[in-house]
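# Have a look; sequence and predicted model below, questions after that.
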Amino acid sequence: MISHEGKKIRHPWALILRLCAVGFFVNCQPSEPFLTRFLMEDKGLTEDQLDNLVWPTDTFASLVLLLPCGLLAEFWSYRGTVLVGLLCRQATRLLLLFGDGAATM
């Protein structure tokens, strides 16, 4: 048995499988390869808008929020931070589905 903070973990493989499952489902994004085509055909954005406005904003917003999210996880809790991240991901999907134009993207 493995000891972790005074608690004995009886089945370390169960913990490892759970962590792998969470990592898989967090990173599983089956719509990503079709996102450019969806934004161009269904939302009416041009390639120029995507290249000069949408993708740079997405990249730099992710970089800016990376450090505060890590600090939030350290001070608050990892589980709560993952939950907030998943809720924000769903909010992003709603913006993609119901938003119009480059300003809302």
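Ah, there it is.
# And the strands in the chain, which stretches?
2-4, 7-9 (DSSP state E).
# Check the ones you listed for me: which has the lowest mean pLDDT.
For the strands of the chain, mean pLDDT drops lowest on strand 2-4, to a mean of 54.
# Where does pLDDT dip in the protein?
Low-confidence segments of the chain (pLDDT under 70): 1-9, 105.
# Please, where are all the helices along it?
Assigned by DSSP state H, the chain shows helices spanning 12-27, 35-41, 47-49, 55-75, 78-98.
# roughly how far is the shortest one from the heart of the chain?
This means helix 47-49. Centre-to-centre, helix 47-49 and its host chain are 24 Å apart (Cα atoms, centre = their mean, to the nearest Å).
# Equivalent analysis for the fourth one, please.
A distance of 10 Å separates the centroid of the chain from that of helix 55-75, by Cα atoms, centre = their mean.
# For Asn27, give its distance to Pro12.
Between Asn27 and Pro12 the distance is 23 Å, computed by Cβ to Cβ, to the nearest Å. All C-beta atoms are positioned from the backbone trio N, CA, C, and that covers glycine.
# what do you get for Gly44?
From Gly44 across to Pro12, the span is 52 Å (Cβ to Cβ).
# Same question for Phe24.
Taking Cβ to Cβ as the criterion, Phe24 is separated from Pro12 by 19 Å.
# same deal with Arg93?
From Arg93 to Pro12 the distance is 35 Å (Cβ to Cβ).
# can you check Phe34 too?
38 Å.
# quick one on the thing from earlier: so if I had to pick from Asn27 and Pro12, which one is more boxed in?
Pro12 (11 against 7; other Cβ atoms under 10 Å).
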